[in-house]
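S.K.: Fold the stuff below for me.
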Amino acid sequence: MVKVIRSTVMNAPVEAVWEVIRDFNGHDQWHPAVATSLIERGNPSDMVGCIRRFKLEDGSELREQLLTLSDIEQSFTYCLLDTPIPLFNYVAHCRLFPVTDGDLTVWEWHSRFDTPAGRQEELATMVGDNIYSAGFDAIRTHMGLEAA
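M.R.: Sure, this is the predicted structure:
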């Protein structure tokens, strides 16, 4: 099993960052890899169990399910249901932590998944860099933030 962990410090209060990333269907508004997204069956995007179907800029389609959402812990967990990328048993978790000295936010994004033999490093790097780190940078741009 592969484990990927990325974290960053956002130069914004935790409530402001949470307001943006809490929307399970909002990643098409800020993540550069996501072209379109919708929640299946018209369910609310904060309903545990809802499924988002989205297309990447390259035309690939994925489906992910929201497994947990906590406004108290400012965190959510989701899993991949369908993907053209060979990530199996993929479960990811995002959590925000307030930094009270400076009113900053620590954002941790981590996942565990299986891959075909010999592709662990390649796919771990792809997830960590192209999804998580790119997402951190995209949120900074979306929110008009400077690097902390």
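S.K.: Would you map the strands across the chain?
M.R.: Using DSSP state E, the strands of the chain run over 2-10, 34-39, 51-56, 61-70, 75-82, 88-99, 104-114.
S.K.: ok, now which ones touch the closest residue to residue 134 other than its chain neighbours?
M.R.: Take residue 134 and drop its neighbours on the chain: the residue closest to it by CB to CB, 6 or more residues apart in numbering is residue 32, 6.2 Å away. C-betas here are computed from N, CA, C, even on glycine. Taking CB atoms under 8 Å, 6 or more residues apart in numbering as the criterion, residue 32 is in contact with 57, 134, 138.
S.K.: out of these, which are inside helices?
M.R.: Taking DSSP state H as the definition of helices, these contribute 134, 138.
S.K.: Whichever of the contacts of residue 32 end up buried, select them in ChimeraX.
M.R.: Command for ChimeraX that selects the buried part of those, burial taken from 16 or more other CB atoms under 10 Å:
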select :138
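S.K.: low-confidence ranges in this structure?
M.R.: 148 (pLDDT under 70).
S.K.: start to end distance for stretch 32-42?
M.R.: Stretch 32-42 has an end-to-end distance of 24 Å (CA to CA, to the nearest Å).
S.K.: And for the chain, the residue most distant from the center?
M.R.: residue 101 (25.6 Å; CA atoms, centre = their mean).
S.K.: Quick check on that one: phi, psi?
M.R.: Dihedral angles of residue 101 (phi, psi; degrees, to the nearest 10) stand at phi -90, psi 90.
S.K.: that older thread, mind putting the strands of the chain in CSV, mean neighbour count and distance to residue 45 included?
M.R.: What follows is those, written out as CSV (neighbours: other CB atoms under 10 Å; distance: least, CB to CB, whole Å):
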stretch, mean neighbour count, distance to residue 45
strand 2-10, 16, 21
strand 34-39, 16, 5
strand 51-56, 18, 7
strand 61-70, 16, 8
strand 75-82, 17, 10
strand 88-99, 16, 14
strand 104-114, 19, 18
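S.K.: Could you measure from the residue nearest to residue 134 over to residue 71?
M.R.: Residue 32 sits 27 Å away from residue 71, taking CB to CB, to the nearest Å as the criterion.
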